[in-house]
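Chemist: please work out how this folds:
(chains A, B and C)
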Amino acid sequence: MSNWAKKIGLFSSLLSLWVALTGRLDPAFILVGAVVSVLVVRVVWRTFFSGFHDFHLGDHGRGIRFLPLLCFIPCFFLDLIRSTWEVSLIALRPNLSLSPSIVQIQSGLTSKTSLVFLANQITLTPGTLTLDADMAHHRLFIHVLTLGSGGTKAVKDQISQLESRIGAITS
Amino acid sequence: MIYLALWGLAISALLGFWRVVVGPTVPDRIVAADTLSTILTTFLALLSLLFDDTVFLDVALAFAVLSFADVLIMAKYFEHGELHL
Amino acid sequence: MSTITSVISGLCIVFGVFFSLASVIGLIRFPDVYTRLHAGTKALSGGAVLVLIGVAMRIGSWQGAAKSMLIVFFFLATNPLASHAIARACYRHGIVPLGEDLDGYGESIKEERV
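Modeler: Alright, predicted model coming up:
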């Protein structure tokens, strides 16, 4: 009966989200919300939860730790603002000094979830953008906007720092 | 101040539209269209401040979801020449 | 609304609009698709996130703020994905990036195709 429990949990969370976001308690509104929630549960169930695609949401058995996640969010916002600032500085500088290149990273993270998370983070940190991911060999190919004097070493150091942060969350 | 922000966003949308028109290759146009959709979403959020009506935020949310699907489909079509759905 | 929130949200909105303008200028000035992606993804998502946070502070009703933050998280999750899809499609379509390919990305794709 765990399938039914999952379905009812999904349905009730969707319905509570509906009530919270519309902010009205009329019976008619709640009825519309219930119909929409049932439709969403039906559509989503076939895609993600039935095991039809052999696709696992998250890594079962290894949870997400919440304390490192809480520490991670402000770091992440700072990184985002910094990367935005740097790219706009480069864009507004009168002479463009770009030296783009492609770097390969051999990642130490092994689970799919954390690799996807890492690729997302790499795109949002200054100067780097994920080009392609080789999930089988845990390799990421990264396009670097300005390869500084530090060469590939500096980029790899920056990314291993990110890696250790993400590893603290999902291990 | 909201009017100033709206004008700034409108000017940046116009400049982005210039890249859509000029862009030498197809992916340039895709990138510029993605940029335009993001600018339009923020524009809608600012409109909700201007008219003091949260319905614009609903529109912005739906528009963000649709534009994401849009860009994914365009990229996939560009990569394969057809859609393998 | 207190003065402090008003000032902070105003600063957020102004900086967000400034970043949007800068990223569009970068979109026009940068030389090839991949560098344009840098401008169009990172700078723009930062700008949009700042503007939306400012809007969430100012809007008054907490439903509006929740919707605004929902858009923020949606942007943070999907903007890198979209840029990744475009970059990958460009490379596999055969558009050669400026600069050098340091670690043999082109060869690894060729191996995959054979």
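Chemist: which residue is nearest the middle of the chain?
Modeler: I'll assume chain A. Nearest to the geometric centre of chain A sits A:F117, at 4.2 Å (CA atoms, centre = their mean).
Chemist: should've been chain B
Modeler: Closest-to-mean residue, chain B, CA atoms, centre = their mean: B:S37 / 0.5 Å.
Chemist: mind telling me what element the nearest residue to it once chain neighbours are set aside is part of?
Modeler: Distance criterion CB to CB, 6 or more residues apart in numbering or on different chains; nearest residue to B:S37, sequence neighbours excluded, is B:S67 at 3.6 Å. Where C-beta positions appear, they are placed from N, C-alpha and C, glycine not excepted. Using DSSP states H and E, B:S67 sits within helix B:55-80.
Chemist: tell me the contacts of the residue nearest to B:S37?
Modeler: By CB atoms under 8 Å, 6 or more residues apart in numbering or on different chains, the contact list for B:S67 reads B:34, B:37-38, B:41.
Chemist: distance of the residue in chain B that chain A sits nearest to from C:Q63?
Modeler: When scored by CB to the nearest CB, chain B has B:D58 as its residue closest to chain A, at 8.6 Å. Between B:D58 and C:Q63 the computed distance is 10 Å (CB to CB, to the nearest Å).
Chemist: cool, and C:Y34?
Modeler: Applying CB to CB to C:Y34 and C:Q63 gives a distance of 40 Å.
Chemist: who has more neighbours, those two?
Modeler: Per other CB atoms under 10 Å in any protein chain shown, whichever of C:Y34 and C:Q63 has more neighbours is C:Y34, with 27 against 16.
Chemist: so the more buried one sits in a strand?
Modeler: No - checked against DSSP: H, G, I helix; E, B strand; the rest coil, C:Y34 lies outside a strand; its state is helix.
Chemist: thought it was touching C:C90?
Modeler: Yes - using CB atoms under 8 Å, C:Y34 is in contact with C:C90, at 7.2 Å.
Chemist: just say helix, strand or coil for the closest residue to C:V55 other than its chain neighbours.
Modeler: In space, and not counting its chain neighbours, C:V55 is closest to B:A45: 4.6 Å by CB to CB, 6+ apart. Three-state call for B:A45 (three-state DSSP): helix.
Chemist: chain A: strands as residue ranges?
Modeler: A:101-106, A:128-134, A:139-144 (DSSP state E).
Chemist: restrict the last one to CA atoms and write it as PDB.
Modeler: Only the C-alpha atoms of strand A:139-144 are listed here, as PDB (Å, rounded to 0.1, in the frame of the first residue of the first chain):
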ATOM      1  CA  ARG A 139      33.600  13.500 -16.600                       C
ATOM      2  CA  LEU A 140      32.400  17.100 -17.200                       C
ATOM      3  CA  PHE A 141      33.500  19.300 -20.100                       C
ATOM      4  CA  ILE A 142      33.600  22.900 -19.100                       C
ATOM      5  CA  HIS A 143      33.800  26.100 -21.200                       C
ATOM      6  CA  VAL A 144      35.900  28.700 -19.500                       C
END
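Chemist: right, I'll leave it there.
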